[in-house]
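>>> Sharing a model that was predicted from the sequence below.
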Amino acid sequence: MFQEDGDEMRRFNFVYIVFLVILLTNINIQNKISMSSVFLPPQSVTFKISDTELVIYTYDSLLADPEYSIETNFATYAGISATDITIIRLGDANEILTRLIAEKDLPQADVIIGIDNALIHLIEEKADILEQYIPANISDIDSNLRQNLDPDDYLIPYDYGIISLYFQNQIINSSTHPELTNLTLKSLLESELLSRLIVENPLFSSPGLGFLLWTIAVYGDPSLSFSGLLNDDWRNWWKTARESIVITKSWGEAFNIFFEPSEGKPIMVSYGTSPAYSYCQWGDDSTSAVVTHENDQMNAWLQIEGIGLVKNAPHKSMGQKFIDWFLGIELQSVLPEHQWMYPANQKVNVSQCFEESAIKSEDVNRLNDLISPTMLKEHLSDWQDQWEQVMVKKTIIGFELPFTLLAIIVLSSIGIKKKQKRIQT
Amino acid sequence: MKDKVSRSIILALPILFLVFFFLIPLLFISLLALGLTPEDLLGILTHDLNLYFIYWDLQQAFLTVILCLILGLPGSYFLAHTKLKGKSIIRNLLTIPFILPPIVVLMGFIEVFGQGGLVNQIWYSLTGFQLVQIYNSYEGIILAHVFYNLPVIIRLAEIGWRTINPEMIGVAKSLGVSRIKILLKIQLPHLFPILATASLLVFIYAFNSFAIVLVLGGVQYQTLEVRIYSLAKMRFDFNAAAALTLVQIMINIIVILTYLYFSSKYEIPSDEVQEFQEKSLIINPINIRNLTKLSIIGIYFSIITILSLLPIVGVFWSALNSSLHLISFENFFSLFDRSLISFIGVTPVEMISNSLFFGICVLLLSTFLAVMLNFGLNYDKTATDHSKFTLLGSVSGIIIILPLGISSITLAFSLFSLYRLTPLYENIFIAIIIAQTLVAFPFVNRIIAARRASIDPSLIHVARSLGASRFRTFFRIELPLLLPGIIVAGLFSFAISLGEFGATNFLARANFATIPIGIYKLINTRNLGEAAALATILIIITVISFIVLEKFGKIEFKL
C-alpha cells in the first residue's frame, strides 16, 4: 500500500494524534469542561445558566430602542457584577410561557418580564409556574391595573398602553383618507387603508392578540351569544380583511416593514404611545395613532404587561430584589422613553413630549371591560385557533392534477416493468 | 469470545449514543402521542387545519418534484450526452445551491425575487407591476424549493443517463427504431430507478422544508415541520405537536423505504465506465441543422445557470451595497451596531464563534462515532464472510437509516421534551451538539462506510495472520486508509452543522445563537443588508469546506 516506510509512519502518527484529540474532546464534553473558552468570548462561557446570580426571561424588544442596559444598572443597584445577570431574550412573550411550562419541574429562570393581561389567561394554573410576590413598593403601582392584570398578584404590572393603529401621517392623513377622522373597524374594511395595514399574528405576538380581542369585543361572537358593541361576528371582519392585510410574526418585524418605504405599508397595529417614539427622540411628528369610533366613543384594547417571580426560582431573593427595582422610581422613570409605554408606577410622570404625542388610556373606552376574565380564560385559546382557521384559505389549487399525474407515473412504471419482464422472458 | 467482547465494547458507544439521544426520545414522543385518549388523538389529526396542512405539505412537495423533473431532465440529458469543454464548471455551478444552507438560499431568494428585489424591479420598470410575490405565496415557496433541489435531479439523472449502454442505443438506431421509441423503450426504463430515487430525495427535502416555509409561508402555508414547531414552541401544545410528529415520521419512513427499494435497483457506473462513456462522446460539427438545437440548449443552460447563481450573486451584491456607496463594507460594520445586537441577542463575533464551536464539536463527534461504528461492525470481517447476515448488523442498519427519515424539528422536539428535566437541558449547548450530530450522522456514516467497504479485507487478514492485534491492525491499516473518508465526512458534517437551522433554533437560547439564527432574525426584521453580510460569511465558509472536500473525494448524492 505504501511505498516508503517513513511515509507510513508519518501518516500513522498523524492519524493517531487526530484520534487522540477526538477521544479527549469527547471526554471533555462529557465532563462539562468548557473547552469552548478557546472559541467563545467570556460572556457566553457560563453554559449552566443557573450558575449566575439572576436569570431573567423576557422578549427581545424590552427596553431595546434606544437600548437601556438592565444588566449594568441593576448590577450597580444590587452590588453584583453585571456578568452575573443573565437576560434571555426570547422571540415573543409566548415563548416565555412555553419555556416556563416546559421547565416547570426544573426552573431555570428567576424572573419573567412581559406576560400581559391576555396571555396570562393561557396559563392553566398560575400557581404551577409562578409565585406570588408583593413588592415593597406595591402602593406606588396603580391598583386598577393590578386588578385588571392579575388580582392574585402572581404578576405585577410594570407598564401599560392601549393598542392602536399607528400610521405615517405624510402618507395617510385626513385629507388623503377622510375616513380616518371617524374610523371604525367597519369603515376600515371598506377603506384603502386596509391593504396597507400590518397586523401581528395573534398566535405569536401580544399586540396582535390585543388587536384580535379588540375586534372580538367590537363585533361580538354569536357562537357564545356575546354581542359585543355591534352584535356581529368577529370572524366576518377577518374574513374580509384577510385578503388585504399583511400578517407578521412579531411586532419588531411589523415595525421594520412599517419604516421600509419600498414595502408600502405605512399603517400597523401598535400602541397609542408609539408616536412618542419619533417625537420625543427627534422632534419628528410624522407618525400618529388612531383608535376606532364605534357607538360615538373611542374604543381600544388596553394592554397591561406584568413582571413575576418564577416558582421555585433558583435565586429567589435576588429575583425579588430585581422586581422591587424594576417597579421602583429609578427604572420606571426611564421606562417610558425606552419602552414607549406608560409606567405602572403612579409616582412617575412622563415627559411633556410623551404626554403630547401619546393617546392616554383614560381618554378611550376600554374594550377590556366587555370581555370578562372568566370568558377570556375559557375561550382565548379557542379564539386563537379559530382565528387561524379563518385566515387560512383552504383552497388547494389543482389538488387533483398532481395526484392524477402521480397515478399516471406509477401505473406507467408498472406497465414498463411488466413489458420489460415480458421482453426478458 | 474475547473478540465478541471487544467488539461489543467498541460498538457500545455509537449504539448507545443513538439509542439514548435518538431512539428513546423518539419513543417518548410516540408515547406522548399514543398516550392520548383515542378521541383526543383523532381530534388532533382530524383538526381542520392539521388535516389541511398535511395535504398541502404533500402537494407542494409533489409539485416541487414535478417541476424539478421538467426543468432538470433536459439539462441532465445534455450533460450526459454532449462533449463540451466547460462541462464540469457548469456542473459545479449548478450544484452550488444544494450545498448551501437553506437559510442562505432563502436569503438570496429574497434578494432576487423579493419586494424591491432585482427581478421585480426590472419587471416593474417594464410593466408597472410586480412579477412575483414571494411572501405568503404558494409560487414563492415552490420556486424556492425548485431552485434548491434542482441540482439533485440534474446530477443524479446525469448519472442515470450514463447507466445506459450506448451500444444498445446504437443497435436500436441501426435497426431503424425512432428516437422517441428509443427514449420510451430503452432510455426511460433504465433511467426510472435512479430518477425515482432522486425524486424521492427531493420529495423528502421539500416535505420537511422548514426555514423557507417558516419565513415565506406566513399563516397561509405551513409544512408539517413548521406546524410542529409553532405548536410546540409557541403554543405549548406538546400533545398536538407529538401527534403530528408521528404522522410526519410515518410519511417519511414510507418515502425512505421506497427510496431504499429503488436505490437497490441500480448501480452507479464505475469511474472507468463513466470515463469510457465520456470519451465515446463526439463533438458534433456546427452546421445549420443543429444550430437551432445548440441555441436552444444554450438558452436553457443560461436560464438554469442564472437561476442557480443569481441568488448567490444577490446575496453578495446586497452585502456589499449600501444606501450611500455602491460598493462598501458598511453592512459588515453595521453588524457590530448595538441596535442589531438587541435583535439577535449576541454580538456577531460571538455568533460566528458559536457556529465554529458547534461545527468543530459536531465534526469530531460524528466522525468519531461513525469510525467506531464501522470498526465495530467490520470487527471480525474477513475475506470470506461478506454476506454474513447478523442480527446486530441489521439492527444497527435500521438505527443508521432511521435518522434520515426524522426531520430536524422532530429531533430537537423529542430531545427537548425528554431531556428537559435533566442536566442536559441546563447545558443546552450539549443538546445542540447532539442534535446537529444526529442530523449529520447518516451522511457521515455513509461516507465512512463507503470508504471502509473499499478496503481490501485481505490486507487485514494478512496483518492478523502476521500476528498484529486487531487494534494494531485498525490503527496501522484501517485508520490510515480511512483517513480521506474521515476528512470528507468531517468537512461534510462541519458544513451541515454550520448551516443547520431547524434544530438549533428550536433548542438554542439567545446566547447560543449561530449564524443561521442571526440571518433568520435579521430577515424577519427586514435588516436585509446585514443579513446578507452574515450570509456572505456563511457562504464563504461553506464553499471553502466543499472545495477542500472535493479535493479528497466526490460529493455523493446517493445515501
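Good, I have the coordinates. Numbers count the residues shown, from 1 in each chain, chains lettered A, B, ... in the order given.
>>> from here on, contacts and neighbour counts on C-alpha atoms
Fine.
>>> Surely B:Phe492 touches B:Val444?
Yes: with contact defined as CA atoms under 8 Å, B:Phe492 counts as touching B:Val444 (7.1 Å).
>>> Which one's more surrounded, the two?
Using other CA atoms under 10 Å in any protein chain shown, the more surrounded residue of B:Phe492 and B:Val444 is B:Val444, with 30 against 25.
>>> measure that one to B:Ile306 for me?
B:Val444 sits 31 Å away from B:Ile306, taking CA to CA, to the nearest Å as the criterion.
>>> again with B:Glu275
Separation of B:Glu275 from B:Ile306 (CA to CA): 28 Å.
>>> Those two: which is more packed in?
Higher neighbour count among B:Glu275 and B:Ile306: B:Ile306, with 15 against 11, using other CA under 10 Å.
>>> average pLDDT across the helix or strand hosting the more buried one?
Using DSSP states H and E, B:Ile306 sits within helix B:288-320. Per-residue pLDDT values over helix B:288-320 give a mean of 81.
>>> Buried residues in that helix, which are they?
Applying a neighbour-count criterion of 16 or more other CA atoms under 10 Å in any protein chain shown, the buried positions in helix B:288-320 are B:301, B:304-305, B:307-320.
>>> who touches the very next helix or strand once past that helix?
Sequence-wise, the next helix or strand downstream of helix B:288-320 (DSSP H and E) is helix B:330-334. Outside helix B:330-334, the residues that touch it by CA atoms under 8 Å, 6 or more residues apart in numbering or on different chains are B:319-322, B:340, B:529-530, B:533-534.
>>> Same check on stretch B:529-546?
Counting by CA under 8 Å, 6+ apart, B:99-100, B:104, B:107-108, B:315-316, B:318-322, B:331-332, B:334-335, B:491-492, B:495, B:498-499, B:515-516, B:518-520, B:522-523 sit against stretch B:529-546.
>>> and those residues, which are buried?
By neighbour count, with 16+ other CA under 10 Å, the contacts of stretch B:529-546 hold B:99-100, B:104, B:107-108, B:315-316, B:318-322, B:331-332, B:335, B:491-492, B:495, B:498-499, B:515-516, B:518-520, B:522-523 as buried.
>>> wait, what's in contact with A:Thr86?
Residues in contact with A:Thr86 (CA under 8 Å, 6+ apart) are A:49, A:52, A:54-56, A:71.
>>> And the residues you listed, which is the shakiest by pLDDT?
Here the lowest pLDDT out of the contacts of A:Thr86 sits on A:Ile49, with 53.
>>> If we ignore the residues flanking it in sequence, what's nearest whichever residue of the stretch 151-300 of chain A sits closest to chain B?
Using CA to the nearest CA, A:Glu253 is the residue of the stretch 151-300 of chain A that sits closest to chain B, at 4.4 Å. With CA to CA, 6 or more residues apart in numbering or on different chains as the measure, B:Thr525 is the residue that lies nearest to A:Glu253, at 4.4 Å, once sequence neighbours are left out.
>>> likewise A:Leu62?
A:Gln339 (6.4 Å).
>>> What are the boundaries of the strands in the stretch 201-350 of chain A?
Counting by DSSP state E, counting those that start in this stretch, the segments of the stretch 201-350 of chain A that form strands are A:246-248, A:267-271, A:287-290, A:299-300, A:302-310, A:342-343.
>>> just to revisit the earlier point, ok, of the contacts of A:Thr86, which one's closest to chain B?
Of all these, chain B sits closest to A:Ile49, with 6.9 Å by CA to the nearest CA.
>>> which residues of the stretch 301-425 of chain A score low on pLDDT?
Scanning the stretch 301-425 of chain A for pLDDT under 70 picks out A:395-405, A:407-408, A:416, A:418-425.
>>> Got the domain ranges for the chain?
Let's take chain A. Segmentation of chain A into domains, based on automatic domain parsing, reads A:4-31, A:38-160+A:304-364, A:162-302+A:386-391.
>>> wrong chain, I was asking about chain B
When chain B is parsed with automatic domain parsing, its domains come out as B:1-30+B:331-559, B:60-222+B:265-316.
>>> Check which helices and strands the helix holding B:Ile306 is in contact with.
Under the contact definition 3 or more CA pairs under 8 Å, 6 or more residues apart in numbering or on different chains; DSSP states H and E, helix B:288-320 sits against helix B:48-81, helix B:87-99, helix B:102-113, helix B:330-334, helix B:528-552.
>>> Just put these in CSV and tack on mean pLDDT.
Listed next are the helices and strands packed on helix B:288-320 as CSV, based on pLDDT from 0 to 100:
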stretch, mean pLDDT
helix B:48-81, 89
helix B:87-99, 78
helix B:102-113, 87
helix B:330-334, 77
helix B:528-552, 84
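>>> Next, count neighbours for A:Gln132.
A:Gln132 has 16 neighbouring residues, counting by other CA under 10 Å.
>>> Counting only helices, which of the contacts of A:Thr86 make the cut?
Counting by DSSP state H, the part of the contacts of A:Thr86 found in helices is A:Glu71.
>>> The spatially most central residue of chain A - nearest residue in space that isn't next to it in sequence?
Centroid-nearest residue in chain A, with CA atoms, centre = their mean: A:Asp92, separated by 2.7 Å. Distances taken as CA to CA, 6+ apart put A:Tyr59 closest to A:Asp92, at 5.0 Å, once the chain neighbours are dropped.
>>> Tell me where the model's unsure across the stretch 451-559 of chain B.
If you take pLDDT under 70 as the line, the stretch 451-559 of chain B has these spans: B:510, B:553-559.
>>> how about the residues of it near chain A?
Within the stretch 451-559 of chain B, the residues that sit near chain A (CA under 8 Å from any CA of the partner chain) are B:475-476, B:479-480, B:483, B:509-512, B:524-526.
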